[in-house]
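[1] please work out how this folds:
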Amino acid sequence: MGISSKFIKFVKSIKCRYILYFIPILFWPALVHAQNNSNDVSVKVNGKKYYRHIVEKGETVYGIAEKYNEQPKDIVLDNPKAMDGVHPGDTLMIPVIVKSTDKTADTSSISGNYIYHDVVGQETLYSLSKEYHTTVSAIDSLNPVIAIKGLQVGQHLRIPAPDGGHKPQGKHAATNDTTHAAQQGQVSATKKEAQAYKSLIGGQNPADASKSFSDTGKKLSIYNVALIMPFAAEGADTIHLSRLEQGTAQIPQITQISIDFYHGLLLAFDTLAKKGFRVNLHVYNVASGSDSLSHGIDSILTNPEILKMNLIIGPPYPANFRRVARFAGLHRIAIISPLSSESYVLKSNPWTSKIAPSPITETEMEADYIAAHYRRNNIIIVHNRDANDVYYEVFKKHFKLADSLLGGKDTLRYAESIGGVSGLGSKISNSQVNVIVMPYQGAPFVAKFVNELANSKYSENDSLVLFGMHNWANNDALSADNLDTLNFHFPSNEFVDYTSLPAKKFIANYRSIYLSEPSYFSYQGFDAAMFYGNLLYTYGTSIQDHLGDVKYRGLQTSFDMLRSNTTNGYENKAVYILEYKNYTEKLDSR
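    Got it, this is the predicted structure:
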């Protein structure tokens with residue numbers, strides 16, 4: 001059965017043994033006011049001055065924290081009832097910020113785990129990081145207002161306190177003495193543990209924190225996994241099941257993608273349960289847009305359950321993922337980008353990983369493959385100066401490196417093209433296989449070149465092998481007949497061998513449970529859960545330390561996780577080279 005049956009089955013499957021949390025999507029505007037609006041009343045509690053803030057309609061903990069230059073978790077600490085969210089009419093107590101612009105005054109104070117500093121003239125983030133023996137990223141991460149307004153005189157900044165929260169010696173001096181901290185029971189007497197503790201409560205950049213924190217790899221009897229996906233896209237909640245059954249309505253595509261991924265995930269966890277792996281799956285719903293300030297995300301990050309996770313999957317949109325990933329990194333929770341191929345989601349956060357290789361990675365792997373298998377043939381790279389595509393330079397550089405390592409002597413030949421095949425000219429060989437490479441994604445000249453080449457004199461014999469990009473396979477402007485004629489090859493991380501026994505078993509199981517055919521995203525969810533679930537089962541809570549230790553061949557997606565440096569996350573580098581033959585995609589047999 002089709003889409004309607006899948007959605008109906010999904011709705012009926014909500015009552016299952018897994019723990020499901022559907023956080024409502026609230027389309028509230030971000031409200032940022034001046035600090036002293038008419039709603040704020042100054043009061044004293046135990047000698048300390050607070051603003052008494054009355055929550056207005058549309059306000060959230062995140063928005064209120066941003067207004068007062070606070071962190072949401074600190075609002076919750078002073079107002080425990082806000083843990084479950086806030087409602088119009090609620091009263092929140094916010095510490096009053098005392099501003100000072102007098103450079104001769106003591107502009108810092110210490111409270112608990114933080115130093116509070118009032119910015120004065122001539123100060124910069126760099127000077128403050130040196131003054132307090134911390135990092136620019138640590139200060140920046142604790143004070144989101146800096147990203148919005150920049151550093152300004154009078155701002156009340158929160159800075160990680162040295163040695164777990166003990167007052168520095170002198171006006172602003174930081175101390176590295178960990179003995180006193182240990183005596184207070186805050187941290188142990190070693191500098192390494194003191195730094196780890198400071199990172200844990202200080203909100204450092206996840207990349208900085210990784211240098212001082214090492215997971216012990218504890219194995220658990222049951223693991224908590226969060227899945228954050230846009231299940232309820234706009235309009236999905238207004239669809240009548242009867243119309244779905246009749247085929248007169250369809251659910252939004254992003255909702256279908258989320259459901260398919262979720263179904264594959266469940267089947268994988270069921271498979272792993274047979275060998276003793278147990279999981280509590282917490283499912284969160286977020287907005288289908290890519291707004292990084294989504295209040296659906298805010299609701300998730302202020303839910304205390306999220307801190308209990310051992311693994312977070314999603315959300316799929318890069319902007320939202322980056323926000324959740326920063327939270328996950330600060331709390332040492334491994335997090336996966338399930339669908340996006342964007343590499344920047346891994347930057348400066350060693351707790352991240354992503355399943356889909358980037359187009360640059362695919363181009364590099366294609367260059368390696370051609371250098372290894374075709375370097376004795378006539379290799380021609382086609383260039384269009386007007387296309388301005390980075391993949392041409394990526395391929396050229398990587399091919400030369402791979403070719404030299406294999407003992408070659410720059411065998412790559414170059415041909416210019418503005419759309420047609422005339423630029424090939426004398427470059428075509430009559431005695432060798434001609435390997436033509438076009439590392440361009442969406443350039444208009446690609447379709448014209450490919451279709452013209454397939455109908456040219458050069459294609460009269462079987463001496464052409466064309467290498468292109470992953471997204472060509474879905475380009476309607478490229479004729480299937482012409483791709484077949486040119487022995488089209490392309491890099492991809494998606495291939496299902498439908499003749500294999502595991503694939504047949506998965507399809508049969510999927511059909512019997514969900515009454516529909518598995519989609520690309522069903523396989524993606526299954527493979528992701530099998531790979532990361534096995535890692536959790538084998539290595540426990542030190543999963544992130546072992547991502548690069550295991551290679552895995554899934555039903556559709558393979559995994560070979562690598563990272564460019566210790567401060568970034570892991571990217572999946574497993575890439576197939578597929579060939580288009582007899583109108584179907586197959587693994588290159590070479």
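[2] ok, the closest residue to residue 552 other than its chain neighbours - contacts?
    Distances taken as Cβ to Cβ, 6 or more residues apart in numbering put residue 559 closest to residue 552, at 4.3 Å, once the chain neighbours are dropped. For the C-beta atoms, the positions are set from N, CA and C on the backbone; glycine is no exception. By Cβ atoms under 8 Å, 6 or more residues apart in numbering, the residues touching residue 559 are 355, 527, 531, 550, 551, 552, 572, 574.
[3] and for the fourth one, the neighbour number?
    Residue 550: 14 surrounding residues under other Cβ atoms under 10 Å.
[4] ok, it to residue 512 distance?
    Noted for residue 550: a distance of 30 Å to residue 512, by Cβ to Cβ, to the nearest Å.
[5] residue 326 in helix, strand or coil?
    When classified by DSSP: H, G, I helix; E, B strand; the rest coil, residue 326 comes out as helix.
[6] and residue 52, by the same measure?
    Per three-state DSSP, the secondary structure class of residue 52 is strand.
[7] my read: it touches residue 90, true?
    No. Here residue 52 does not reach residue 90: they are 11.0 Å apart, not a contact under Cβ atoms under 8 Å.
[8] quick one on the thing from earlier: now tabulate the contacts of residue 559 in CSV and tack on secondary structure and distance to residue 265.
    CSV is the format used below for the contacts of residue 559 (DSSP: H, G, I helix; E, B strand; the rest coil; distance: Cβ to Cβ, whole Å):
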residue, secondary structure, distance to residue 265
355, coil, 12
527, helix, 10
531, helix, 12
550, coil, 19
551, coil, 21
552, strand, 16
572, strand, 17
574, coil, 19
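[9] how about a markdown table for the residues you listed, with pLDDT added?
    Formatted as a markdown table, the contacts of residue 559 follow (pLDDT from 0 to 100):
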| residue | pLDDT |
| --- | --- |
| 355 | 96 |
| 527 | 97 |
| 531 | 97 |
| 550 | 90 |
| 551 | 91 |
| 552 | 93 |
| 572 | 95 |
| 574 | 93 |
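[10] mark which of these are buried, thanks.
    355, 527, 531, 552, 572, 574 (16 or more other Cβ atoms under 10 Å).
[11] and of the residues you listed, the nearest to residue 386?
    For the buried ones among the contacts of residue 559, the minimum distance to residue 386 (Cβ to Cβ) is 32.8 Å, reached by residue 572.
[12] could you measure from the closest one over to residue 343?
    According to Cβ to Cβ, residue 572 and residue 343 sit 11 Å apart.
[13] for residue 523, see how far away residue 453 is.
    Residue 453 is 33 Å from residue 523, by Cβ to Cβ.
[14] likewise residue 445?
    Distance, residue 445 to residue 523, using Cβ to Cβ: 34 Å.
[15] so those two - more neighbours on which side?
    Legend: neighbour count by other Cβ under 10 Å for residue 445 and residue 523, higher for residue 523 (24 against 18).
[16] got the contact list for that one?
    If a contact means Cβ under 8 Å, 6+ apart, then residue 523 has 264, 496, 506, 554, 555, 556, 557 as its contacts.
[17] what about the stretch 301-450 of the chain, any weak spots by pLDDT?
    Scanning the stretch 301-450 of the chain for pLDDT under 70 picks out 388, 418-419, 443.
[18] rerun that using 90 as the cut-off
    The model of the stretch 301-450 of the chain has pLDDT under 90 over residues 302-303, 317-320, 372-377, 383-390, 392, 400-433, 440-450.
[19] helices along that one, start to end?
    With DSSP state H, counting those that start in this stretch, the ranges of helices along the stretch 301-450 of the chain come out as 318-330, 359-374, 390-405, 445-454.
[20] tell me the contacts of residue 470?
    Contact partners of residue 470, counting by Cβ under 8 Å, 6+ apart, are 359, 362, 490, 491, 492.
[21] may I have the secondary structure class of the third one?
    Secondary structure, three-state DSSP: residue 490 is strand.
[22] now it: closest residue in space that isn't a chain neighbour?
    residue 468 (5.2 Å).
[23] so residue 445 sits against residue 389, correct?
    No. Using Cβ under 8 Å as the test, residue 445 is too far from residue 389 to be in contact (10.5 Å).
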